[in-house]
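Q: coordinates only, sequence not included:
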């Protein structure tokens, strides 16, 4: 059985019911909108975020569940989907998960409006049901995601990212949404504020490990969904590169920065940069940091009794750092 199917086992029924509820939450009186949202739903990913919501909710409440949990998962997916549609417009990307993006098929104007529609659907789902605590958790995530993206754009121009700034960026860009999922899962079943904050921290650690794993893919030779060296070509400062820049001679540092600034489209030069990072401990250092965050997440789970939900979350953490794509 594939890892994702294994993780899903204890919440299989809930995930099936969620799919229907999620589709219903997207409905509109405008046929064009329904056509586009149907296209989006048909091309869904692994749905890791609703899985986090459900598994955390069940783990912290000893298998308990609530209609609020479904709404929480739907809000997360609606707002996450809205950000992806908008991201594709911002990045001028024509593909998403191997399929044409919304902006590629329906143009930018419609894609932006669809993203706005999904965002409003998420907000109204919470407001209409007075799930203000869940709305606050997801709103914090949206604010931080925007700030993280803008911080990365600002810093990328100068290539002056320190490790501290790098972790600020990935915590806001990637980890904050997984933190919101875990916080919403706990909040949806009436957990204490301490438990909600602990689960947010748990999600944040997994999100950081997830992004670090993505950064490592830039330096692998395997056939994966992300092309090798793409971060270097896009002048993104990732942890293997930041570590190497901070631990090489002034001459080597100048060569690296010059390569990224002026020769990032040169395949031979990009390969040389990848080799240099590998030879100077960038991969080993980054891998050790990733495992440190994995262990921090596992340590939080030790506070909870053993259950099939906790086991699935442990499998999820392992999957995040061991995945091949």
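A: Sure, I can see it. Computed from a prediction, not measured in an experiment: that's the story for all the values here. Residues are numbered from 1 along each chain as shown.

Q: got any ranges where the chain has weak pLDDT?
A: 44, 95-98, 221-229, 324-325 (pLDDT under 70).

Q: rerun at 50
A: 223-226 (pLDDT under 50).

Q: residue with max distance from the center of it?
A: residue 251 (36.0 Å; CA atoms, centre = their mean).

Q: In contact with it, which residues?
A: With contacts defined as CB atoms under 8 Å, 6 or more residues apart in numbering, residue 251 has no neighbours. Placement of C-beta: from N, CA and C, glycine included.

Q: From residue 163, how far out is it?
A: 22 Å (CB to CB, to the nearest Å).

Q: In three-state terms, label the residue farthest from the centre of the chain for me.
A: Following DSSP: H, G, I helix; E, B strand; the rest coil, we place residue 251 in the helix state.

Q: again with the one 3 residues further on
A: Three-state call for residue 254 (three-state DSSP): helix.

Q: For it, the count of nearby residues, please.
A: The tally of other residues near residue 254 (other CB atoms under 10 Å) stands at 11.

Q: cool, and residue 178?
A: Close neighbours of residue 178, defined as other CB under 10 Å, add up to 26.

Q: pretty sure it contacts residue 210?
A: Yes - if you go by CB atoms under 8 Å, residue 178 and residue 210 touch, sitting 7.1 Å apart.

Q: Any buried residues in stretch 286-304, and which?
A: 286, 287, 289, 290, 293, 294, 296, 297, 298, 300, 304 (16 or more other CB atoms under 10 Å).

Q: Next, format these as a markdown table and append distance to residue 259.
A: Formatted as a markdown table, those follow (distance: CB to CB, whole Å):
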| residue | distance to residue 259 |
| --- | --- |
| 286 | 19 |
| 287 | 23 |
| 289 | 23 |
| 290 | 25 |
| 293 | 29 |
| 294 | 31 |
| 296 | 34 |
| 297 | 35 |
| 298 | 38 |
| 300 | 40 |
| 304 | 47 |
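
Q: Which pair of these spans the longest distance?
A: The widest separation within the buried residues of stretch 286-304, taken as CB to CB, falls between 286 and 304 and amounts to 29.3 Å.

Q: What is the distance between the strand or helix carrying residue 288 and the centre of its chain?
A: For residue 288, the element it lies in under DSSP states H and E is helix 282-301. When distances are taken as CA atoms, centre = their mean, to the nearest Å, helix 282-301 is centred 17 Å away from the chain's centroid.

Q: tilt between the very next helix or strand once past it and helix 282-301?
A: Per DSSP H and E, the first helix or strand lying C-terminal to helix 282-301 is helix 308-322. Here helix 308-322 points in a direction 170 degrees away from that of helix 282-301 (axes from the mean of the first three to the mean of the last three CA atoms, to 10 degrees).

Q: Quick one: list the elements packing against helix 308-322.
A: helix 3-8, helix 48-60, helix 193-217, helix 282-301 (3 or more CB pairs under 8 Å, 6 or more residues apart in numbering; DSSP states H and E).

Q: and the ones you listed, which is most packed in?
A: helix 48-60 (a mean of 26; mean count of other CB atoms under 10 Å).

Q: what does that helix contact?
A: Contacts of helix 48-60 (CB under 8 Å, 6+ apart): 4, 7-8, 10-11, 14-15, 18, 22, 64-66, 69, 72-73, 76-77, 80, 177-178, 181-182, 184-186, 188-189, 191, 195, 199, 202-203, 304, 307, 309-310, 312-313, 316.

Q: do stretch 108-123 as well
A: Residues contacting stretch 108-123 (CB under 8 Å, 6+ apart): 25-26, 28, 32-33, 36-37, 74-75, 78-79, 81-83, 85-86, 88-89, 101-103, 106, 135, 138.

Q: Narrow those to those that are buried.
A: 25-26, 33, 36-37, 74-75, 78-79, 81-83, 85-86, 88-89, 101-103, 106, 135, 138.

Q: Filter those down to just the ones in helices.
A: When the buried ones among the contacts of stretch 108-123 are checked against helices (DSSP state H), the matches are 25, 33, 36-37, 74-75, 78-79, 81-83, 85-86, 88-89, 102-103, 106, 135, 138.

Q: Closest one of the buried residues of stretch 286-304 to residue 257?
A: Taking the buried residues of stretch 286-304 together and measuring to residue 257 by CB to CB, the closest member is residue 286, at 18.9 Å.

Q: wait, that closest one sits on residue 243?
A: Yes - in this structure, residue 286 is within contact of residue 243 by CB under 8 Å, at 6.6 Å.

Q: and for those two, which residues touch both?
A: With CB under 8 Å, 6+ apart as the test, residue 286 and residue 243 reach no residue in common.

Q: burial count for residue 163?
A: 12.

Q: which residue sits closest to it, ignoring its sequence neighbours?
A: residue 242 (5.7 Å; CB to CB, 6 or more residues apart in numbering).

Q: what residue lies at the spatial centre of this structure?
A: residue 174 (4.3 Å).

Q: Nothing else from me, thank you.
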